[in-house]
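>>> any chance you could fold what I've pasted below:
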Amino acid sequence: MICATALIFAPVVLGVTSALYFVMSKVMEGLKGVNARGFSFGGGPVVPFEIFILVLGGYLFLIVLVITYFVAGMKEGDDAVDLRYQIGKTMPVAVLI
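Presented below is the predicted three-dimensional model:
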């Protein structure tokens, strides 16, 4: 189950998060300067989408690395070769999803 989290669920959740951020950033850019009942919308700066994706990519890399490290440790113990093999097997799949 932990492997499925690293391979499938984490990339899918981050993909949905980035899509929602893209939509919300466009909506907030359109609302700059709009006042409704004393509230101002979109007054602050919006993080550029490219920077947000870069941060999510780094987070995905680290979370897959940590989860794979613990799973390989539970399966094989302190075996460096198996750890490298597991990382090499899971990282490309997680990034492509």
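
>>> name the helix or strand of this structure that has the lowest mean pLDDT.
Least confident helix or strand, the chain: strand 39-40 with a mean of 58, by mean pLDDT, DSSP states H and E.

>>> could you point out which element follows that one?
Remark: after strand 39-40, the chain's next helix or strand is helix 49-76, criterion DSSP states H and E.

>>> now whichever helix or strand comes after that next one: average pLDDT?
Downstream of helix 49-76, the next assigned helix or strand under DSSP H and E is helix 80-96. Helix 80-96 shows an average pLDDT of 89 in the prediction.

>>> ok, now stretch 59-68?
Stretch 59-68 comes out with an average pLDDT of 90.

>>> just the CA atoms of it, as PDB, please.
Taking C-alpha atoms only, stretch 59-68 is exported to PDB below (Å, rounded to 0.1, in the frame of the first residue of the first chain):
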ATOM      1  CA  TYR A  59       8.200  17.800  -3.300                       C
ATOM      2  CA  LEU A  60       7.200  14.800  -5.400                       C
ATOM      3  CA  PHE A  61      10.900  13.800  -5.800                       C
ATOM      4  CA  LEU A  62      11.500  14.000  -2.100                       C
ATOM      5  CA  ILE A  63       8.400  12.200  -1.000                       C
ATOM      6  CA  VAL A  64       9.000   9.300  -3.500                       C
ATOM      7  CA  LEU A  65      12.600   9.100  -2.300                       C
ATOM      8  CA  VAL A  66      11.600   8.900   1.300                       C
ATOM      9  CA  ILE A  67       8.800   6.500   0.900                       C
ATOM     10  CA  THR A  68      10.900   4.200  -1.300                       C
END
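
>>> end-to-end on stretch 69-86?
Taking C-alpha to C-alpha, to the nearest Å, stretch 69-86 runs 8 Å from one end to the other.

>>> repeat for stretch 73-83
Stretch 73-83 has an end-to-end distance of 8 Å (C-alpha to C-alpha).

>>> neighbouring contacts of it?
With contact meaning C-beta atoms under 8 Å, 6 or more residues apart in numbering, stretch 73-83 is reached by 68-69, 72. Where you see a C-beta, it was placed from the backbone N, CA and C, and this is true even at glycine.
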